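Novice: Sequence and predicted structure below; questions after.
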Amino acid sequence: MKADKLIDALGEIRDDFIEDAEINDAEINVTGEKIWIRYVVAAACLCVIAMSWILISHGMRRSTHSVQQWSNSMTAADYFGNSRNSKDKGSSASADLVMMPYAVSLSINSQREALEDSGILPFISDHTDQDFRVAFNGDGSLYKVSFMWMRRGENIQEYSDLIFTAAPAELHEISDVVYFRTDADGNTIPPYITTTVRDGITIYAEGTENENKTVTWQTDQGWYRISGSFKDSYEAVIALLDWFWIHPLNLAAFEHFANEVFVFSDRTEYPDAFRDQIPDFALLGYSAETERVNLGMAENSMTPVWFDGVYTRGDIRIRWTINTGADAVAWSKCIGRPSEITEKKLSDALSGMDQVNVFFDMVVNDTPYRMPAMATLTVERGTADDAWEILQTFGN
């Protein structure tokens with residue numbers, strides 16, 4: 001995209017951002033920022049909702065449409081050619097939010113100017129509001145970073161939500177609104193995907209004018225997605241793509257924020273953490289090799305967000321991990337609450353693999369709402385019978 005089109009789409013871009021720049025950790029100080037953990041009421045059937053979302057948004061995403069090669073003459077609309085030419089109508093339906101797929105989220109809104117001045121983010125002059133966040137898994141690893149630029153006005157035509165998301169691996173998140181297409185008879189059809197190869201990298205684009213639209217790509221450095229609202233133009237979305245194509249985001253530069261939002265400890269320091277979700281390994285004669293506990297800050301108090309224990313008994317070696325955030329793929333593989341799991345169900349789940357995911361209801365800080373947690377039982381050395389014995393400690 002030519003420079004004048006980029007400016008028209010996103011607002012004035014400062015000249016000093018055109019050159020490559022590296023992030024300076026010292027310039028991004030998160031002191032005083034709100035650190036929080038997102039709790040969402042659990043839906044009745046986590047696995048069904050998770051699987052439905054995967055089928056709708058990911059199951060047929062890699063379409064069989066022909067691949068087009070990028071060129072300087074391509075327009076923004078060309079990236080969305082298959083969607084743009086479709087006569088099928090778009091629809092949407094609500095879906096229960098199960099839980100956020102990450103454990104801890106840190107707002108870095110106050111760092112907007114520093115990120116712009118460092119050339120990490122573009123300067124979008126007509127999008128004055130923002131929601132910039134760094135999200136982490138319970139083990140302290142980076143889940144994603146997301147930058148949302150917002151514009152509001154008296155006229156609906158001024159509405160805009162431009163979002164850039166970057167993550168170490170492809171995200172499979174559950175959304176509160178599921179978008180899909182229907183044909184003339186009302187049958188749901190796969191999303192129209194337009195595939196473009198640019199500089200050896202494959203870009204997938206979906207959406208039409210007056211609908212939400214996305215472009216997604218993946219490199220050796222990470223997975224990236226740009227989203228535009230129903231009122232954002234093709235040009236606005238592709239202008240943001242062009243900017244990050246020239247200025248790739250360095251995900252490693254955001255990993256250090258984990259030290260701001262976690263306490264990395266062990267069970268001896270926090271013996272009550274997840275006490276109702278950890279099997280009584282000692283009762284079964286197991287010895288603990290390690291028992292690690294991570295806590296995250298929520299409303300000025302530290303809350304357990306992750307547990308990892310390794311237990312041995314003779315030649316048997318079992319790992320028990322608890323996450324308060326897990327994406328849709330993980331939830332789709334859960335086999336239920338301990339009281340819902342039969343010996344056959346467990347044996348079938350462990351056939352050909354060494355781990356299963358188990359669902360727990362959790363009361364957090366004695367609050368009236370309940371937060372789901374997912375435990376992963378990994379049989380590093382042992383059998384399905386050993387796993388069944390362990391689950392029996394929950395009183396099945």
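Specialist: Looks like it arrived, so ask away.

Novice: C-alpha only now, for contacts and for neighbours.
Specialist: Noted.

Novice: could you pull out the helices for the stretch 251-396 of the chain?
Specialist: Remark: helices of the stretch 251-396 of the chain, listed N- to C-terminal, are 258-261, 328-332, 343-350, 384-391; assignment by DSSP state H, counting those that start in this stretch.

Novice: Of all those, which one comes closest to Q111?
Specialist: helix 258-261 (14.7 Å; Cα to Cα).

Novice: send the alpha carbons of that closest one over as PDB?
Specialist: Extracted as PDB, the C-alpha positions of helix 258-261 are listed here (Å, rounded to 0.1, in the frame of the first residue of the first chain):
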ATOM      1  CA  ALA A 258       5.400 -11.700  34.000                       C
ATOM      2  CA  ASN A 259       7.600 -10.500  36.800                       C
ATOM      3  CA  GLU A 260       5.100  -7.700  37.500                       C
ATOM      4  CA  VAL A 261       2.000  -9.900  37.800                       C
END
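
Novice: Looking at that helix now, give me its mean pLDDT.
Specialist: Averaging pLDDT along helix 258-261 gives 92.

Novice: Contacts for that helix, please.
Specialist: Residues from elsewhere that reach helix 258-261 (Cα atoms under 8 Å, 6 or more residues apart in numbering): 30, 35, 104, 106, 136, 140-142, 296-297.

Novice: what's across from L142 in the sheet?
Specialist: Residues in a beta bridge with L142, per DSSP bridges, are F136.

Novice: Tell me if I'm right that it and S105 touch.
Specialist: No - no contact is recorded between L142 and S105 when judged using Cα atoms under 8 Å, the distance being 10.2 Å.

Novice: Overlap in contacts, these two.
Specialist: Residues touching both L142 and S105 (Cα under 8 Å, 6+ apart) are 134-136.

Novice: hmm, back to that, nearest to Y311, of the contacts of helix 258-261?
Specialist: Within the contacts of helix 258-261, the smallest distance to Y311 is 21.8 Å, found for G140 (Cα to Cα).

Novice: Count the residues that sit near the residue nearest to the closest one when sequence neighbours are not counted.
Specialist: Ranked by Cα to Cα, 6 or more residues apart in numbering and with sequence neighbours excluded, the top spatial neighbour of G140 is A258, at 5.9 Å. When counting by other Cα atoms under 10 Å, one arrives at 23 neighbours for A258.

Novice: do you know how far A258 is from V310?
Specialist: Taking Cα to Cα, to the nearest Å as the criterion, A258 is separated from V310 by 23 Å.

Novice: Could you do Y286 as well?
Specialist: As judged by Cα to Cα, Y286 and V310 stand 10 Å apart.

Novice: so how many other residues sit close to P101?
Specialist: 25.

Novice: helix/strand/coil for it?
Specialist: Following DSSP: H, G, I helix; E, B strand; the rest coil, the label given to P101 is coil.

Novice: contacting residues for the residue lying closest to A349 once chain neighbours are set aside?
Specialist: The shortest distance from A349 to any residue other than its chain neighbours is 6.6 Å, reached at V356 (Cα to Cα, 6+ apart). With Cα under 8 Å, 6+ apart as the criterion, the residues that contact V356 are 333-335, 346, 349-350, 376-378.

Novice: Pick the one among these closest to G228.
Specialist: Checking the contacts of V356 one by one against G228 (Cα to Cα), the nearest turns out to be K333, at 30.9 Å.
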